[in-house]
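Enquirer: Mind folding the following:
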Amino acid sequence: MSDRLERPTGMSDRLGAILADVVPRVCSAAVTLIAVDGSVAAAAATGELVRYAAAEGTLAAERPPAEHDSIFDLASISKLFTTAVLLSLAEQGRAALDEPAASWIPGLDRRITLRRLLTHTAGLAPTRRIDLELPSADATGRMAAMLATPITHPVGGPYLYSDVGMVMAGRIAELAGGAPLDALVRSRVTDVLGLADTGYRPRALPRIAATEWKPERPGPGCVRGEVHDETAHALGGVAGHAGVFATAADLLAFGEALRLGGGPVLRPESVAEMVRDQGAEGAAFRHGLGVRIGDPAIIGPLDGAYGHSGFTGTSLVIDPARRLTVVLLTNAVHPVRGRDGIRGLRHAVAAEALRLAAPGIA
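Expert: Predicted structure coming up:
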């Protein structure tokens, strides 16, 4: 990790106050980092990594505090890591954005391409609870069933957010890259950037934030140290749409690499294509390859910024024009999903980022 992005030891008073206003009402733990022009301008961590022991809100006997190096389930921000892997394979000529996906997965509709999978315009359903459909199957059998998911919507648009499509994209990465997706993310992204705390199936349990109470999982208590997403869990914890865990500092370094043009992970032209409006119609934002441009749910006042959010309450926002990268990691599904306030928190953090980048304007 760059010296300019070392983990902070202090806390921003203003950023800390923003988090303190919502913890534990919105989430039991939150860590956020704001970098301006490549240097950490503000950082805050508050709350408890494990606050509840049951869905009813029973407090846990041990409630470790959130720290700057705490690890969170990134949920759908994982899609950006899958995208980076695929673009790196495309740079080497091992994958092509507009080649029929059937070239890698025989039997797929030939209208399905990587570009359509990464822009959610392949006509695939939003999700598929393969764990419920095939409760006795192994991860290999479930993946085969996922890849056989039929098209149910118009191919080419309008936009329809699809985890199924990103699962397919992740599998294509494995076939084109000749390795499991977690190994590809490690060799092509996290090892290159020195992100020691980022990856699938984490092992540093004492530093990991808990997520939702799931009675169907083995062992009592809320999920901790394994992916929250049911489909990714059913596929063995590694999938193209979810499953990556990270610290705020690691995610910031990944975001900074994209902001600065992709090096050493991607070429500038690959990142330029990634953040170019791909023309997907029907969304509340513009869509690049794997990234959302101007998503009102996460950017707040940072018009034109791009990034992604995660169901667990995470977000990454990159604003090249203002030289900003903004990371917010929370566990807003702990102990149950459906808690209000995460959108407002994302907007408040983005507003603070704008103030730091342009104090005379914000």
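
Enquirer: Contact partners for the nearest residue to Ala101 once chain neighbours are set aside?
Expert: Of all residues not flanking Ala101 in the chain, Ile112 sits nearest, at 4.5 Å (Cβ to Cβ, 6 or more residues apart in numbering). From N, CA and C alone the C-beta is placed, and that goes for glycine too. By Cβ atoms under 8 Å, 6 or more residues apart in numbering, the contact list for Ile112 reads Pro100, Ala101, Ala102, Ala122, Gly123, Leu124, Ile151, Val155, Met168.

Enquirer: And for Arg259?
Expert: By Cβ under 8 Å, 6+ apart, Arg259 lies in contact with Ile318, Asp319, Pro320, Arg323, Thr325.

Enquirer: Same list, the residues you listed, but as CSV with distance to Asp229, secondary structure and neighbour count please.
Expert: Converted to CSV, those look like this (distance: Cβ to Cβ, whole Å; DSSP: H, G, I helix; E, B strand; the rest coil; neighbours: other Cβ atoms under 10 Å):
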residue, distance to Asp229, secondary structure, neighbour count
Ile318, 23, strand, 26
Asp319, 27, strand, 23
Pro320, 30, helix, 16
Arg323, 33, coil, 15
Thr325, 25, strand, 31
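
Enquirer: now, the most widely separated pair of these?
Expert: Across the contacts of Arg259, no pair lies farther apart than Ile318 and Arg323, at 10.1 Å, counting by Cβ to Cβ.

Enquirer: the strands in the stretch 201-350 of the chain, which residues?
Expert: For the stretch 201-350 of the chain, strands defined by DSSP state E, counting those that start in this stretch occupy the ranges 244-246, 286-287, 292-293, 306-310, 314-319, 324-330.

Enquirer: Those into CSV, with extra columns for distance to Asp191 and mean pLDDT?
Expert: Shown next, in CSV, are the strands of the stretch 201-350 of the chain (distance: least, Cβ to Cβ, whole Å; pLDDT from 0 to 100):
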stretch, distance to Asp191, mean pLDDT
strand 244-246, 14, 98
strand 286-287, 29, 98
strand 292-293, 27, 98
strand 306-310, 22, 98
strand 314-319, 20, 98
strand 324-330, 20, 98
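
Enquirer: nearest to Thr32, of the ones you listed?
Expert: Distance to Thr32, taken as Cβ to Cβ, is lowest for strand 324-330 among those, at 4.7 Å.

Enquirer: Each with direction, which strands does the closest one pair with?
Expert: Taking DSSP bridges as the criterion, strand 324-330 sits next to strand 29-36 (antiparallel), strand 314-319 (antiparallel) in its sheet.

Enquirer: now these as CSV including distance to Glu174?
Expert: Below are the strands paired with strand 324-330 laid out as CSV (distance: least, Cβ to Cβ, whole Å):
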stretch, distance to Glu174
strand 29-36, 31
strand 314-319, 24
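
Enquirer: just so I know, which of those lies nearest Tyr161?
Expert: strand 314-319 (15.5 Å).

Enquirer: and the angle from that closest one to strand 306-310?
Expert: Going by axes from the mean of the first three to the mean of the last three Cα atoms, to 10 degrees, strand 314-319 is angled at 180 degrees with respect to strand 306-310.

Enquirer: With only the CA atoms kept, save strand 314-319 in PDB.
Expert: Output of strand 314-319 as PDB, limited to C-alpha atoms (Å, rounded to 0.1, in the frame of the first residue of the first chain):
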ATOM      1  CA  THR A 314     -21.000  -0.600   2.000                       C
ATOM      2  CA  SER A 315     -20.100   1.900  -0.800                       C
ATOM      3  CA  LEU A 316     -17.200   3.000  -2.900                       C
ATOM      4  CA  VAL A 317     -17.400   6.400  -4.600                       C
ATOM      5  CA  ILE A 318     -14.700   7.700  -7.000                       C
ATOM      6  CA  ASP A 319     -14.800  11.300  -8.200                       C
END
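
Enquirer: So what touches that strand?
Expert: 72-75, 77, 80, 251, 254-255, 258-259, 298-299, 302, 304-309, 324-330, 346, 350, 353, 357.

Enquirer: Now stretch 230-237: buried residues?
Expert: Of all the residues in stretch 230-237, those buried under the rule 16 or more other Cβ atoms under 10 Å are Glu230, Thr231, Ala232, His233, Ala234, Leu235, Gly236, Gly237.

Enquirer: Can you tell me which of the strands paired with strand 324-330 is nearest to Gly243?
Expert: For the strands paired with strand 324-330, the distance to Gly243 is smallest for strand 314-319, at 12.9 Å, taking Cβ to Cβ.

Enquirer: Would you check which pair of the buried residues of stretch 230-237 lies furthest apart?
Expert: Greatest spacing in the buried residues of stretch 230-237, by Cβ to Cβ: Glu230 and Gly236 (12.6 Å).

Enquirer: give the contact list for Asp163.
Expert: Counting by Cβ under 8 Å, 6+ apart, Asp163 touches Ser76, Pro126, Thr127, Arg128, Asp229, Thr231, His241, Ala242.

Enquirer: Which secondary structure element is home to Ile172?
Expert: Using DSSP states H and E, the element containing Ile172 is helix 163-177.

Enquirer: Rounded mean pLDDT for that helix, please.
Expert: Computed over helix 163-177, the mean pLDDT rounds to 98.

Enquirer: and the helix or strand following that helix, which residues are buried?
Expert: Under the assignment DSSP H and E, the closest C-terminal helix or strand after helix 163-177 is helix 181-185. With burial defined by 16+ other Cβ under 10 Å, the residues of helix 181-185 counted as buried are Leu181, Asp182, Leu184, Val185.

Enquirer: likewise stretch 165-175?
Expert: Buried positions in stretch 165-175, judged by neighbour count with 16+ other Cβ under 10 Å: Gly165, Met166, Val167, Met168, Ala169, Gly170, Arg171, Ile172, Ala173, Glu174.
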